[in-house]
Structures are given as C-alpha cells and as structure tokens.
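K.L.:
prediction below, plus the sequence it came from.
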2 protein chains.
Amino acid sequence: MVERAGVDAILRGLAEPTRRAIVERLGRGPATVSEVAKPFDITLAAVVQHLQVLEECGLIRTEKVGRVRTCRLEPGGLEALADWIAARRTPAERRLDRLGEVLARGGRPEGPRQTDEQP
Amino acid sequence: MVERAGVDAILRGLAEPTRRAIVERLGRGPATVSEVAKPFDITLAAVVQHLQVLEECGLIRTEKVGRVRTCRLEPGGLEALADWIAARRTPAERRLDRLGEVLARGGRPEGPRQTDEQP
C-alpha cells in the first residue's frame, strides 16, 4: 500500500514536532486527551487540533466513552511511509545488506548449512 | 542512530512534495541538477534551494565536476526515520508479526522443522 496520498498525509502529520511527540507518547500506550496534553505547553484546543490532524492522516484513532476521549496509535498507520522508505534504499545499501547476510553466515555465500567436517 | 534532530530534519525535508519527488527521482539513480529540475514546473533556483535543504538534512549529496553538479541519494540518509518508525510499532503489530511467522511455518509455534512422516 505505497500510495502517494497516504505518504504525503503521514509526512504532513509528522512534520510538526508536537504531533510527532504525540505519536511517540501514544507509542507507549493509549492515553486520554488530557494525558496527551500534559507535557505540552500549549492549549488543550491546540492539542485537540493536532489530534484531529493525526486522526485524519490515519496515524491515530480516538474513541469517546462518556466524557473521556481516549487516543491510541492506529496499527499499520506508519506502514505506507515505511514501505516508501524501503523502496528508496540505494543499490549500494542493498549490496551492503547482502554482504551483511553473507558475513552473518560466517562468510559463506550460500545458506547457513553447517557440515561436521573433521579437521 | 535514532536521534531526534536527525528525524526532525528528515521529516522537514520530506514534508515538501517537490522535495519528496526529488528523493524519488534520485532513488532511481544519480542525476544532474537540470535533469532533476526537468519534470518540475518551477525555476531552477527553486530546485537548487530544495536540493540544498535535502543536502542539509543528509538525504542527498551533490558533487560539482567542472560546470556540472551531480546529485545522488545519501546512503543511509533515511535510516534514522526508518528506525523511528520501527520503534513505533504497536504491541498488536508485533504480535501480528509473530503470528505471521508462525503461519509461514505451517502453524507450528517453533522452527521450520519438517519430518518425513508417512500418512
């Protein structure tokens, strides 16, 4: 699901430092709007606006039960951006990845096969 | 190398659609400044400015040989952002990853061992 609109929306959502900090906070678990707002030196209205932007770009979801609105990360909300980054890896990086795999196998160019050869 | 300054700079760099398109273009290989500028309906000066921002946030590098400046992706330039995204995966996503691994092994909770049992 690498689609331009999704990636653009995610980047717009994350480009604002307070919104990125909110995503980091919710990465540690769900929180009410006032819990989210606590560490920030901005009005509750401003926090609610940031939450709306994050919800619109699919990064978080909020749910109101009684008078309390709880916010949580949207599972998979960052995947479109992760896919976009993965598709941008340079050929040199892909070669380095393969070299890393070879070295992890003890320098053998193929599979992790181990024989019981005696010295 | 998940460090706040790096991630903020990368997000600032990518949040502008033209700059993201430039990164996509350079993902297909190095290009001169005029090659980069070609598909965009903006002045060469504006393109050069975007390239400077991308260079400052470590996403690309440019090199001038004679009168031609060539631009290429900076290997690893997106890694700080990729690491930041990976750290934001929700516990539910991590559980789904593990479930996916189990299913890929044919539903066995441990290793990919296959026996030659006869029916």
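P.N.:
The structure has been received and is ready for your questions. Residues are numbered from 1 along each chain as shown, chains lettered A, B, ... in the order given.
K.L.:
how about A:Glu63, phi and psi?
P.N.:
For A:Glu63, the backbone dihedrals are phi -140, psi 130 (criterion: degrees, to the nearest 10).
K.L.:
can you count the residues close to it?
P.N.:
The tally of other residues near A:Glu63 (other CB atoms under 10 Å in any protein chain shown) stands at 10. Just so you know, the C-beta spots here come from the backbone N, C-alpha and C atoms, and that holds for glycine as well.
K.L.:
pretty sure it contacts A:Arg69?
P.N.:
Yes - counting by CB atoms under 8 Å, A:Glu63 does reach A:Arg69; the two are 7.0 Å apart.
K.L.:
close to chain B, is the helix or strand containing A:Leu51?
P.N.:
Using DSSP states H and E, A:Leu51 falls within helix A:44-56. No - where contact is defined by CB under 8 Å from any CB of the partner chain, no part of helix A:44-56 touches chain B; the two come within 12.3 Å at best.
K.L.:
that helix - contacts with which helices or strands?
P.N.:
Contacts of helix A:44-56 with other secondary structure elements, assessed using 3 or more CB pairs under 8 Å, 6 or more residues apart in numbering or on different chains; DSSP states H and E, are made with helix A:4-14, helix A:17-27, helix A:33-37, strand A:60-65.
K.L.:
same thing but at 6 Å, please
P.N.:
Under the contact criterion of 3 or more CB pairs under 6 Å, 6 or more residues apart in numbering or on different chains; DSSP states H and E, the helices and strands touching helix A:44-56 comprise helix A:17-27.
K.L.:
buried ones in the helix it packs on?
P.N.:
A:Arg19, A:Arg20, A:Ile22, A:Val23, A:Arg25, A:Leu26, A:Gly27 (16 or more other CB atoms under 10 Å in any protein chain shown).
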